[in-house]
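Asks: predicted model, plus sequence, below.
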Amino acid sequence: MYFAGVDIGSTMTKVALIDESSNLVSAVKGPTGPEHRQLANEVMRQALEKVSLQIDDISCIVATGYGRVNVPFADRQITELSCHARGVSSIFPNVRTAIDIGGQDAKCMKIDNGRLVSFVMNDKCAAGTGRFLEVTAATLGVRLEDMGDIALKATKRIQISNLCTIFAQQEVVALLSRGERLEDIVAGLHNALASRVAALAQRLGIEPDLVLTGGGAKNTGMVRAVKESLGRELLVPEEPLLTGALGAAILAGETYMKAVAASGAFSAKPRRLEKATFFDREHQ
Amino acid sequence: MSWFVGIDIGSAYSKGVISKDRELIAWHVIISGANHRTSAEAIMTELMRQANLTQDDIASTVATGSGADNVYFASQRASDIVCTARGINSIFAQARTVIDVASLSTKVIRLNQEGMVTNFAVSEKCAAGGGRFIEVIANVLRIDLSDFGPLSAKSRNPVIFGTGCAVFGESEAITRVSEGIPKEDIAAGVNKALASNISSLVRKLRLEDPCAICGGGALNTALVKVVENELNISLLVPPHPQIITALGAAITAATSTTPESSKEQN
């Protein structure tokens, strides 16, 4: 028996397939597609293909993430906060606080026994999200994925004084023209973002074990900066982008088992491996 | 020697005026560009040319704005808050509140009956609080800043922006363009979002009527209208809203050099 979790994020779609013992059997990350999330089904197809499964072999599919609405091949939609909490605790059973730095939001979650207890979120200001690094990387002519390693080479502490991403862009140019070194500026940008994420986490209150996930956790410079900002140890999963999809798959398994226990069977929706559509206008 | 110069070097535009006996003689606005020293010089040269004066005719020059330090030939520097207040007061003596919508920030200034600054608030932390938000979206829409107001005035169905962030607003605008939403609806939506940010800043300081609006943002007539709607008042708009702070700097130059009026100073 297999279960699947599909996490349709703003830029990446993540699929996790697990067996009935919650072992991860297949995982694929792929682009969501620039418009209307039409590539989500493609990522699902690849995940199935990897382990020679058909969509009908999956007993229950849970969709999560920004694009979870209108996924034609999902049985249930569950918020990404619940899925993240579940996924993170399946990897780190002692997790009490999880921070997720995404491409256009940052979330901090309090977790107890795998359940989401409370959360705070920033999706209103780009300066507290991965977007801050994405925009300033473009200004500096550096690839986003190289930013973290560049930051680790810094030898001088530079303070980015502007809070706003747009003003920071100007500040970065001014720092370059003043002769500051790229690695020091990049490290300064990481520290600026880390301090905002730390402030968000402190609003919620931090209890160990503390886990960092999301694209921000793939960036070694960011992991170090968050560690320094909080002055705490930080656990990072091997695949920090997959926790949402993994949690969704585990919740798919639980949904299925609960239905079977209650009524003897789970009625899966008729499935079409078709492109997902993003929010309807009315949902926005 | 009764000519006075005020130069206001902002992050986006540099403005200069010559005044004589509190009358506006000449004014000039240029893009600040990368070298603010050159911009300051260019403004001075143009002012002299317009008024047919030489720098020796100028009794005093006051510099203000975020780039005031670059006006190396200025006799003194003055706070932009004070200059904006004095500039508005010279035109609308009755104004008790001033909203200055600049590129970098929006300032709200409260004045007493004598035109003195009693309190102020600045939206300096976030690009969505100032004209920069409009500049960012105008760039997405590929339209001139001067067309922003007239274009958005045509809108019947302004787009609602989900956040108050200029970076997220930029992505939203790009998405709306690709969905085929008319440019005027996107422009009007940005004006609305900015107006709501401006209005909350005004409310923070408490609005006292009459209220004037100036700065480059006041050239955007549609923005002025939405701010009026948001605050439910009518705003006083000076004839050349962008040069008010520079005018105030020139007035400051005059008041600090004429002995009989020195007691007017803050």
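Replies: Good, I have the coordinates.

Asks: do a quick rundown of the strands in the stretch 1-150 of chain A.
Replies: Counting by DSSP state E, counting those that start in this stretch, the stretch 1-150 of chain A has these strands, from start to end: A:2-8, A:12-19, A:24-31, A:58-64, A:76-77, A:97-101, A:106-112, A:115-122.

Asks: tell me the most buried of these?
Replies: Ranked by mean neighbour count under mean count of other C-beta atoms under 10 Å in any protein chain shown, the strands of the stretch 1-150 of chain A are led by strand A:2-8, which reaches a mean of 29. All C-beta atoms are positioned from the backbone trio N, CA, C, and that covers glycine.

Asks: mind listing what it pairs with, with the direction of each?
Replies: Listed by DSSP bridges, the sheet partners of strand A:2-8 and their directions read strand A:12-19 (antiparallel), strand A:58-64 (parallel).

Asks: tell me the mean pLDDT over that strand?
Replies: Computed over strand A:2-8, the mean pLDDT rounds to 94.

Asks: residues contacting the residue nearest the centre of chain B?
Replies: Relative to the mean C-alpha position of chain B, the nearest C-alpha, by C-alpha atoms, centre = their mean, is the one of B:G215, at 1.7 Å. With contacts defined as C-beta atoms under 8 Å, 6 or more residues apart in numbering or on different chains, the neighbours of B:G215 are B:84, B:99-102, B:106-107, B:131, B:241-242, B:244-245.

Asks: ends of stretch A:62-71, how far apart?
Replies: 9 Å (C-alpha to C-alpha, to the nearest Å).

Asks: hmm, who's touching that stretch?
Replies: For stretch A:62-71, using C-beta under 8 Å, 6+ apart, the contacting residues are A:3-10, A:13-14, A:32, A:37, A:40, A:74-80, A:82-83, A:244-245, A:247-249, A:251-252, A:255, A:276-280, A:283.

Asks: which among the residues you listed end up buried?
Replies: Burial by neighbour count, 16 or more other C-beta atoms under 10 Å in any protein chain shown: within those this picks out A:3-10, A:13-14, A:32, A:37, A:40, A:74-76, A:78, A:80, A:82-83, A:244-245, A:247-249, A:251-252, A:255, A:276, A:278.

Asks: say whether chain B is contacted by stretch A:142-150.
Replies: No: residues of stretch A:142-150 are not located near chain B by C-beta under 8 Å from any C-beta of the partner chain, the shortest gap being 14.7 Å.

Asks: mind listing what's buried in that stretch?
Replies: Using 16+ other C-beta under 10 Å, the residues of stretch A:142-150 that count as buried are A:142, A:144, A:147-148, A:150.

Asks: what sits up against that stretch?
Replies: Under the criterion C-beta under 8 Å, 6+ apart, residues A:133-134, A:137, A:182-183, A:186-187, A:189-190, A:218-223 lie in contact with stretch A:142-150.

Asks: among the contacts of B:G215, which ones are buried?
Replies: Buried positions within those, assessed by neighbour count (16+ other C-beta under 10 Å), are B:84, B:99-102, B:106-107, B:131, B:241-242, B:244-245.

Asks: per-residue confidence at A:Q77?
Replies: In the prediction, the pLDDT value recorded for A:Q77 is 94.

Asks: what's the answer for A:E35, then?
Replies: In this prediction, A:E35 carries a pLDDT score of 56.

Asks: how about residue 73, nearest residue that isn't a chain neighbour?
Replies: All of this is about chain A. A:R271 (4.8 Å; C-beta to C-beta, 6 or more residues apart in numbering or on different chains).

Asks: actually, chain B is the one I wanted.
Replies: Nearest non-adjacent residue to B:F73, counting by C-beta to C-beta, 6+ apart: B:T61, 6.5 Å away.

Asks: list the residues that contact the one you found.
Replies: Residues in contact with B:T61 (C-beta under 8 Å, 6+ apart) are B:4-7, B:44, B:71, B:73-75, B:253.

Asks: re the thing from before, my read is the residue nearest to A:F73 is in a strand, agree?
Replies: No: secondary structure of A:R271, determined by DSSP: H, G, I helix; E, B strand; the rest coil: coil, with no strand assignment.

Asks: could you say which helix or strand contains the closest residue to chain A within the stretch 151-266 of chain B?
Replies: Chain A sits closest to B:V167 of the stretch 151-266 of chain B, with a gap of 3.5 Å, by C-beta to the nearest C-beta. Using DSSP states H and E, B:V167 sits within helix B:166-178.

Asks: name the helices or strands packed onto that helix?
Replies: For helix B:166-178, the helices and strands in contact under the criterion 3 or more C-beta pairs under 8 Å, 6 or more residues apart in numbering or on different chains; DSSP states H and E are helix A:130-140, helix A:165-177, helix B:132-141, helix B:183-205.

Asks: closest to B:S32 out of those helices?
Replies: helix A:165-177 (11.5 Å; C-beta to C-beta).

Asks: touching that closest one from outside, list them.
Replies: A:126-127, A:131-132, A:135-136, A:139-140, A:158, A:160-162, A:182, A:185, A:188-189, A:192, B:11, B:104, B:127, B:132, B:136, B:165-167.

Asks: what average pLDDT does that helix get?
Replies: Per-residue scores along helix A:165-177 average to 92.

Asks: in it, what's buried?
Replies: Neighbour-count burial for helix A:165-177, with 16+ other C-beta under 10 Å as criterion, is recorded at A:165-172, A:175.

Asks: for stretch B:178-197, same thing?
Replies: Residues of stretch B:178-197 classed as buried by neighbour count (16+ other C-beta under 10 Å): B:182-197.

Asks: which of the residues you listed lies closest to B:F161?
Replies: Distance ranking of those against B:F161, using C-beta to C-beta, places B:A193 first at 4.5 Å.

Asks: quick check: the closest residue to the closest one other than its chain neighbours vs A:I185, distance?
Replies: Closest residue in space to B:A193, ignoring its immediate chain neighbours: B:F161 at 4.5 Å, by C-beta to C-beta, 6+ apart. Taking C-beta to C-beta, to the nearest Å as the measure, B:F161 and A:I185 are separated by 30 Å.

Asks: who in chain B is up against chain A?
Replies: Counting by C-beta under 8 Å from any C-beta, chain B sits next to chain A at B:11, B:104, B:125-128, B:132, B:136, B:162-168, B:171, B:178.

Asks: dump the residue contacts of B:I18.
Replies: Listed by C-beta under 8 Å, 6+ apart, the contact partners of B:I18 are B:3-5, B:24-27, B:47, B:50-51, B:53, B:58, B:250.

Asks: re earlier: helices - which of the contacts of stretch A:62-71 land there?
Replies: A:40, A:80, A:82-83, A:244-245, A:247-249, A:251-252, A:255 (DSSP state H).

Asks: ok, those residues vs A:I61, which is closest?
Replies: Each of these was scored against A:I61 by C-beta to C-beta, and A:A252 proved nearest at 5.9 Å.

Asks: still on that earlier bit, want to throw the contacts of B:G215 into CSV with pLDDT and distance to A:I58?
Replies: Formatted as CSV, the entries for the contacts of B:G215 read as follows, by pLDDT from 0 to 100; distance: C-beta to C-beta, whole Å:
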residue, pLDDT, distance to A:I58
B:T84, 97, 65
B:I99, 97, 58
B:D100, 97, 60
B:V101, 96, 55
B:A102, 93, 57
B:T106, 95, 54
B:K107, 96, 59
B:G131, 92, 52
B:P241, 96, 63
B:Q242, 96, 62
B:I244, 97, 66
B:T245, 97, 65
